[in-house]
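> got a structure for you, letters missing:
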């Protein structure tokens, strides 16, 4: 049997497991084959656009109502402004911090830390996860220790690390790396472990060699859970970043929050919180987009 | 099938010792590093010294009280957050309007890194137990809400049709169909929430440690006093308690979900 190409193999396994092409894909082809501006095409467009449009419209009333209520309460001083500055003040502070470039400086520092820690942690996590997933021996030796290591929450390591490496950059990067490392290693290991037996059987029918099996079956099939782990890893890394910056830092978004709180400037705190939330959101969306792009070969209903 | 299980079981048993190799090597290395002074002994105390400190801590009533206080905060905050989370998750799963109106806000707020809330909560509620517990509740709220929502969403429409055919009332539909069908997912959420709440408990105690009693408070004060053995022992306790609680939740889950038969 000559070695089949990766793509052909994937198609074959995918076809074997998905009896129907997805409805979305069928709709798209129907729309594409219809002539331009025909009612059918418009109807198809409406079909696909209606859901997201509705979603967008209904998403706004609730947060807008909350903001209005908050603004109203602050304007009529139902709540002291020091305790809860109105959204307008927060927005003004936000613009101020942005104009002074302070926000960008802190954001840049935080992002840099997250990227270093995340890349290091994810790299190590992938290595360990793949090793434990592919080799039972590696799993037997490493898994219990890994489990132990994962039990202490990432911030729990902070006091010890502070004593061992001080409170410099190294501390932050190690902690952020640890936060990303655990979910990535865990999901990689379990993703490889849980590849359906049928795939392995197909591979053995085709007499795949071990490298072929790893490269053409195990890794593509385990990719979705692995990528999930990477996404979790990034979320955890961002969480750890804010935590460590709150506790031990003199710059970065977490520091901005602490600083604002110490001066009782809650508008600064809230502006920083908004940035923390937005960055978390953007990072997660980015990884989701990459996932979609990397998984184009999969039929939707897989 | 049974033969296969027997084989894997015996294999697993004969391999048990392998998992101990790495920790054992680590302790030996640690001991050697201190014994031959490869490292500053003030920075890295010997295992024996940590054990001595542990013994002394356990004898102090204060340490035990701190652990109890942390556990109480953790459990109370967790229960609060998990109940609220399950309620919102079920509501979003069952009511299309709730999902449309609140869902996007929920998914956006979820992105705010948890610890960013802590200073705000501390300003609003002071740095005592209410702020900590609310923070812990928040940390458990998100995973439980998310998993319950997804659990309800995964129930097949056919099951709802059967319920309709049988003329289930709203309440029956909830207790006889939705809750049992979503139970495994909710259980996953509870597990995630427990882990996240423990992290939040320790984090809150680190950050608001001024005059509080708690495991995190003890450890962070140990750091300030340069009491390395205490810090190491504290971390071990934090890890052990976290692991124990996960174990407990896992046991509870398999007991509650026993009707489902062997793990899928």
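Nice, thanks for sending it over. Everything numeric in this text was worked out from a predicted model, so none of it was measured. Numbers count the residues shown, from 1 in each chain, chains lettered A, B, ... in the order given.
> C-alpha from now on. contacts and neighbour counts both.
Will do.
> now residue A:195: phi and psi?
phi -60, psi 130 (degrees, to the nearest 10).
> residue in the stretch 101-250 of chain B nearest to chain A?
Taking C-alpha to the nearest C-alpha, chain A has its nearest neighbour within the stretch 101-250 of chain B at residue B:112, 3.8 Å off.
> what helix or strand does the residue lying closest to that residue once chain neighbours are set aside sit in?
Of all residues not flanking residue B:112 in the chain, residue A:277 sits nearest, at 3.8 Å (C-alpha to C-alpha, 6 or more residues apart in numbering or on different chains). Using DSSP states H and E, residue A:277 falls within helix A:266-294.
> check which residues of that helix are buried.
Residues of helix A:266-294 classed as buried: A:266-281, A:284, A:287, A:291 (neighbour count, 16 or more other C-alpha atoms under 10 Å in any protein chain shown).
> now do that helix: which elements does it pack against?
Helix A:266-294 sits against helix A:87-99, helix A:219-247, helix A:253-262, helix B:96-109, helix B:117-125, with contacts defined as 3 or more C-alpha pairs under 8 Å, 6 or more residues apart in numbering or on different chains; DSSP states H and E.
> can you do 7 Å?
helix A:87-99, helix A:219-247, helix A:253-262 (3 or more C-alpha pairs under 7 Å, 6 or more residues apart in numbering or on different chains; DSSP states H and E).
> between the last one and helix A:219-247, how big is the angle?
Relative orientation of helix A:253-262 and helix A:219-247, computed by axes from the mean of the first three to the mean of the last three C-alpha atoms, to 10 degrees: 30 degrees.
> okay, buried residues for helix A:253-262 please.
Result for helix A:253-262 [16+ other C-alpha under 10 Å]: buried residues A:253-261.
> I'd like those residues as a markdown table, with pLDDT appended.
As requested, the buried residues of helix A:253-262 are arranged in a markdown table below (pLDDT from 0 to 100):
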| residue | pLDDT |
| --- | --- |
| A:253 | 91 |
| A:254 | 90 |
| A:255 | 91 |
| A:256 | 91 |
| A:257 | 91 |
| A:258 | 89 |
| A:259 | 89 |
| A:260 | 89 |
| A:261 | 86 |
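> out of those residues, which touch chain B?
A:258, A:261 (C-alpha under 7 Å from any C-alpha of the partner chain).
> dump the buried residues of helix A:253-262 to TSV, plus distance to residue A:205.
Converted to TSV, the buried residues of helix A:253-262 look like this (distance: C-alpha to C-alpha, whole Å):
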residue	distance to residue A:205
A:253	55
A:254	55
A:255	58
A:256	60
A:257	59
A:258	61
A:259	64
A:260	64
A:261	65
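> still on that earlier bit, now do the helix holding residue A:277: distance to the chain's middle.
9 Å (C-alpha atoms, centre = their mean, to the nearest Å).
> next one: stretch A:223-235
The answer for stretch A:223-235 is 7 Å, by C-alpha atoms, centre = their mean.
> try stretch A:104-117
The answer for stretch A:104-117 is 16 Å, by C-alpha atoms, centre = their mean.
> now do the helices in chain A.
In chain A, the segments counted as helices under DSSP state H are A:6-17, A:23-33, A:39-59, A:61-75, A:87-99, A:102-134, A:136-151, A:158-165, A:169-193, A:197-205, A:210-212, A:219-247, A:253-262, A:266-294.
> so which of these is the most surrounded?
Among the helices of chain A, helix A:169-193 has the highest mean neighbour count (mean count of other C-alpha atoms under 10 Å in any protein chain shown), at a mean of 26.
> show me what it is in contact with.
Helix A:169-193 is contacted from outside by A:113-114, A:116-118, A:120-122, A:124-126, A:128-130, A:132-133, A:150, A:154, A:161-162, A:165, A:218, A:222, A:225-226, A:229-230, A:232-234, A:236-237, A:240-241, A:244, using C-alpha atoms under 7 Å, 6 or more residues apart in numbering or on different chains.
> the longest helix anywhere in chain B - what's its average pLDDT?
Assignment by DSSP H gives helix B:61-94 as the longest helix of chain B. For helix B:61-94, mean pLDDT is 93.
> what do you get for stretch A:142-157?
86.
> buried set for the helix or strand containing residue B:49?
Using DSSP H and E, residue B:49 sits within helix B:47-59. By neighbour count with 16+ other C-alpha under 10 Å, helix B:47-59 contains the buried residues B:47, B:50, B:53-54, B:57.
> centre-most residue in the chain?
Picking chain A for this. residue A:231 (3.0 Å; C-alpha atoms, centre = their mean).
> chain B was what I was after
Centre-most residue of chain B, counting by C-alpha atoms, centre = their mean: residue B:195, 1.8 Å.
> OK, contacts around that one?
Residue B:195 neighbours (C-alpha under 7 Å, 6+ apart): none.
> could you check the angle the helix or strand hosting it makes with helix B:61-94?
Assigned by DSSP H and E, residue B:195 belongs to helix B:179-207. Between helix B:179-207 and helix B:61-94, the angle comes out at 140 degrees (the same axes, to 10 degrees).
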